[in-house]
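J.: coords please:
(one chain, ligands or ions: 2)
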Amino acid sequence: MGTGLVTPIPSQFTKSTTLRIFANDVKTQPSRRELAHKHTAAQKHNNGSQHLLLPLVLPNYLNGQLSLFGISVPRGFDAAKRKDPDWPSIIIRSVNVSSRPRVDPAMQANTTRGFLWSDVETRTLLNIWGEQDIQVALDGNFRNSFVYRDVARRLGAMGFERTPEQCRVRIKSLKRQYLLAKEGNLRNNGQYHKICKFYDAMEGILSNRAALDPQEFTDSGAGGEEAGDGLEEEDGEDARDGYSEGTGECPYPAETEVKLEYPAVPIPIPVKVTVGNNSTPVRPHNSSQSVSNPSTRTPKRPRKRRANFPMEKLMEQFLEQSTQAEENFYRMEEQRLQAEDRRREAEHAKELHMLQMLGQMFSSISTARPGRAATPSKTSPPGQSPAFSGASPSSTRGTSGHLRRPPPWTDCCPRQNPLVNPDPQGLVFERYYSLGSASHRVMDDDFLSLVKKTVPPLTSKKHKGQDGRIGIIGGCQDYTGAPYFAAISALKVGADLSHVFCTKDAATVIKSYSPELIVHPVLDSPNAVEEIEKWLPRLHGLVVGPGLGREDAILKTAKEAIEKCKARDIPIVIDADGLWLITQQPSVIQGYPKGILTPNLMEFTRLYEALHHEPMDSRDHQRSIMQLSVAMGNLTMVLKGEHDLITDGSKVISCSVEGSGRRCGGQGDLLSGSLGVFAHWAHAASAAGISRSVNPSMVAAFGACSLTRQCNSQAFQRHGRSTTTADMIQEIGSAFKKLFES
Ligand SMILES: NC(=O)C1=CN([C@@H]2O[C@H](COP(=O)(O)OP(=O)(O)OC[C@H]3O[C@@H](n4cnc5c(N)ncnc54)[C@H](OP(=O)(O)O)[C@@H]3O)[C@@H](O)[C@H]2O)[C@@H](O)CC1
Ligand SMILES: Nc1ncnc2c1ncn2[C@@H]1O[C@H](COP(=O)(O)OP(=O)(O)OP(=O)(O)O)[C@@H](O)[C@H]1O
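T.: Ligands and ions are numbered 1, 2, ... in the order given. This is a model prediction of the structure:
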């Protein structure tokens, strides 16, 4: 029937009448306006309310949902005769039509191209979307295209090929249905599942989320999880394109059953109705008013369309207006989002550009006048310098515990050649700022002194455990050293207890290295997550990855442990094979404010390319780390190397505490283990109101990097080329004292 959708229209239908739609009829995608004109049809809404519902088919193109708008008038209504100014009333009934394809389930599984979503597919999507890591990533992140990419990928793994945008749009429409059902307060009368077929699933997922903002569901992507994700709205051309891809026909070859459902939530619309020669003002009307007297029951009104039927004209007029308004709204919303995107991109580009220019400018100045790049910090604690005297392997570099704060204009300038720096204050940290950002001002603070502020004092008032209980998830048959290094470093930095969760065969070996560690041989047990979870309430920080290995089952356990940990708001450091997991599934940690990644260059490159789908610019690490952090939801990151770069997406700082030329394996484990402790301290200090203006994860990262490099330097002085990580660990106590307690 051309653009026809509903046929035949039954003469009697209840609040939930099943109609048949023949999918093959839906060959082209008519415009809403077209439908509004063409599918005006009088239908009887005969649920004892004695009302006629004159529905109009008004598809919203929301992936298989249609919204019907209709006008409800009492049965027997004769517009021409009626003079009562209170009547007739217009009620918009938003009718939800959920499609249920009648196809072979096996076929369904693969029939995922196009517009309609099967129930199986929708449920699979909801299962994925409801996973905790996805929810958390969506919650705390404003660029969600990456999350939906992950969702689409997982959906693809289940056999349903969908684009990230299709997933996002589908979720959005489900949320809209859910909200409609929820707002309509239909929970008690059992109608809710008719409005939102997947109500229970949605409720389960969304009730775990922060308080729902109805705006999030009703707005066309403004704010909330859609904002700024660069994906198109579902309600316009793009959705249409998505629908008409391929043959342009509905993907389901057979007939499609459609349910019409009528929520009891009318939206009163004041309109002026012209009936015959009389101009009758129409006032807002609610559903209770619309229940008419049974005495008004009249014989069935013929459904035959009459050109001059005033009600019909009125409806057409009204629908035209509402369609117009809706279209305008979507157009404006889209423009607003695009403008917002452009503004954000321009701001970001400007910052990066400034950064680069200043970097170049100052590096040329500092190369010409190397001695100028460093001046003593006014915030350096007095009497600190002797602490490093003679401790450096190279006397020309200078050895001092001082932290020099460069003059403001050198903040963006990495020290090009420390060997020619005549300043005896050898300990320098350099910063790269995101200029123009609000955070610029707080960067005047001295990071090392910020770290000091977070170190808990040693007093006789505390009991065991108060200064930190750290968990390390890692350790398998191949790698027993890495988790040991991380766990023992945490203890040496100042944690009271250090737990290692490793595989069974690694446990005995790790225990034999040190009686100080608490070792749980659980990682390869069937109930590994439960075993780890038991300990989480007692842990203050978790380090995931050292010596973890890359076995799927173990990575799955690590992933679930991370999720449990996030739910408890515990700082999480991810290193080594933990980063392998994140490269496969970034959303596991994306946007978690207490998450810190510590990649070496190789791990960083893998992660960057996984997220950006293009090679990293190896000439500009500052830019790359900033981009990656932003893509990961402003996650704190440490890119280890000659200078450790640290960022949370808003600024990059560089830690260049002098280390040595010795690169023995395990130094990264020392860093991640100690970072677990620093992260706990920094977040605890921040919660207590200390240094609130600076991201505690950045402070912690700076502390751990400085310490690792200082240990490296000291160990190298003693052992030279034969320095190993165990030697560095021996230096933790004195290095810590020099850096943070002098
Ligand atoms: N004693 C123990 O038990 C220890 C165990 N450990 C544990 O081992 C596990 C695997 O970790 P992983 O780092 O060796 O593996 P992976 O990421 O595949 O990298 C390997 C390749 O990457 C490269 N590469 C590395 N660094 C780079 C850099 N900075 N810049 C550039 N390239 C770099 C390098 O390439 P190549 O130079 O060989 O071509 C190398 O082949 C993990 O669980 C970890 O915790 C370690 O902690 C050590 C102590
Ligand atoms: N070229 C360098 N010069 C000075 N210090 C460095 C250099 N490269 C790395 N480091 C320091 O060594 C520490 C560990 O970094 P590294 O890149 O070795 O980590 P990793 O590869 O993850 O270590 P692991 O062997 O534990 O896996 C960091 O604190 C970093 O600052």
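J.: Now do the SS call for residue 599.
T.: Three-state call for residue 599 (DSSP: H, G, I helix; E, B strand; the rest coil): coil.
J.: nearest residue to it other than its sequence neighbours?
T.: Distances taken as CB to CB, 6 or more residues apart in numbering place residue 579 nearest to residue 599, at 5.3 Å, with adjacent residues excluded. Every residue, glycine included, has its C-beta placed from N, CA and C.
J.: Can you tell me what sits against the helix or strand where the one you found lies?
T.: Per DSSP states H and E: residue 579 is located in helix 576-584. Helix 576-584 is contacted from outside by 473-474, 482, 544-550, 555, 558-559, 574, 588-589, 597-599, 603, 606-607, 610, 668-669, 672, using CB atoms under 8 Å, 6 or more residues apart in numbering.
J.: how about 6 Å then?
T.: Contacts to helix 576-584, defined as CB atoms under 6 Å, 6 or more residues apart in numbering, come from residues 544-546, 548-550, 555, 558, 574, 588-589, 599, 603, 606-607, 610.
J.: mind checking how far the residue nearest to residue 599 is from ligand 1?
T.: Counting by CB to the nearest ligand atom, to the nearest Å, the gap from residue 579 to ligand 1 is 8 Å.
J.: ditto for residue 611
T.: From residue 611 over to ligand 1 the distance is 17 Å, taken as CB to the nearest ligand atom.
J.: Same question for residue 529.
T.: Remark: distance between residue 529 and ligand 1 (CB to the nearest ligand atom) = 20 Å.
J.: Residue 506 too?
T.: Note on residue 506: its distance to ligand 1, by CB to the nearest ligand atom, is 10 Å.
J.: Without its sequence neighbours, what residue ends up closest to that residue?
T.: Leaving aside its chain neighbours, residue 506 sits nearest to residue 475 (4.1 Å; criterion: CB to CB, 6+ apart).
J.: A strand includes that neighbour, no?
T.: No - using three-state DSSP, the assignment for residue 475 is coil, not a strand.
J.: for it, what are its contacts?
T.: Taking CB under 6 Å, 6+ apart as the contact definition, residue 475 lies against 483, 500, 502, 506, 510, 547.
J.: and if we set it to 10 Å?
T.: Residues in contact with residue 475, defined by CB atoms under 10 Å, 6 or more residues apart in numbering, are 481-484, 486-487, 500-503, 505-507, 509-510, 519-521, 523, 546-549.
J.: shouldn't residue 127 be in contact with residue 135?
T.: No - the pair residue 127 / residue 135 is not scored as a contact, 12.0 Å apart, by CB atoms under 10 Å.
J.: what about the two, which has more around it?
T.: residue 135 (20 against 14; other CB atoms under 10 Å).
J.: Using the three-state scheme, assign that one.
T.: Look at residue 135: counting by three-state DSSP, its state is helix.
J.: what residues are up against it?
T.: When contacts are counted by CB under 10 Å, 6+ apart, residue 135 touches 129, 147, 205, 206, 208, 209, 210, 225, 563, 587.
J.: Reformat these as a markdown table; add secondary structure, pLDDT and neighbour count.
T.: Output for the contacts of residue 135, formatted as a markdown table (DSSP: H, G, I helix; E, B strand; the rest coil; pLDDT from 0 to 100; neighbours: other CB atoms under 10 Å):
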| residue | secondary structure | pLDDT | neighbour count |
| --- | --- | --- | --- |
| 129 | helix | 91 | 24 |
| 147 | helix | 88 | 28 |
| 205 | helix | 87 | 22 |
| 206 | helix | 84 | 19 |
| 208 | coil | 75 | 12 |
| 209 | coil | 71 | 13 |
| 210 | coil | 53 | 9 |
| 225 | helix | 38 | 23 |
| 563 | helix | 97 | 18 |
| 587 | helix | 96 | 27 |
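J.: rewinding a little: for residue 127 and residue 135, list the residues in contact with both.
T.: In contact with both residue 127 and residue 135: residue 205, using CB under 10 Å, 6+ apart.
J.: Just the closest residue of the stretch 401-550 of the chain to ligand 1, please.
T.: Nearest residue of the stretch 401-550 of the chain to ligand 1: residue 481, at 2.5 Å (CB to the nearest ligand atom).
J.: Run a quick neighbour tally on that residue.
T.: By the criterion of other CB under 10 Å, residue 481 has 20 neighbours.
J.: Please apply the same query to the one 10 residues further on.
T.: In terms of burial, residue 491 registers 21 neighbours under the definition other CB under 10 Å.
J.: Nearest spatial neighbour of it, chain-adjacent residues omitted?
T.: Here the nearest residue to residue 491 in space, its sequence neighbours aside, is residue 498; by CB to CB, 6+ apart that works out to 4.7 Å.
J.: Could you list everything that neighbour pairs with in the sheet?
T.: Here residue 498 shows beta-bridge partners residue 470, assigned using DSSP bridges.
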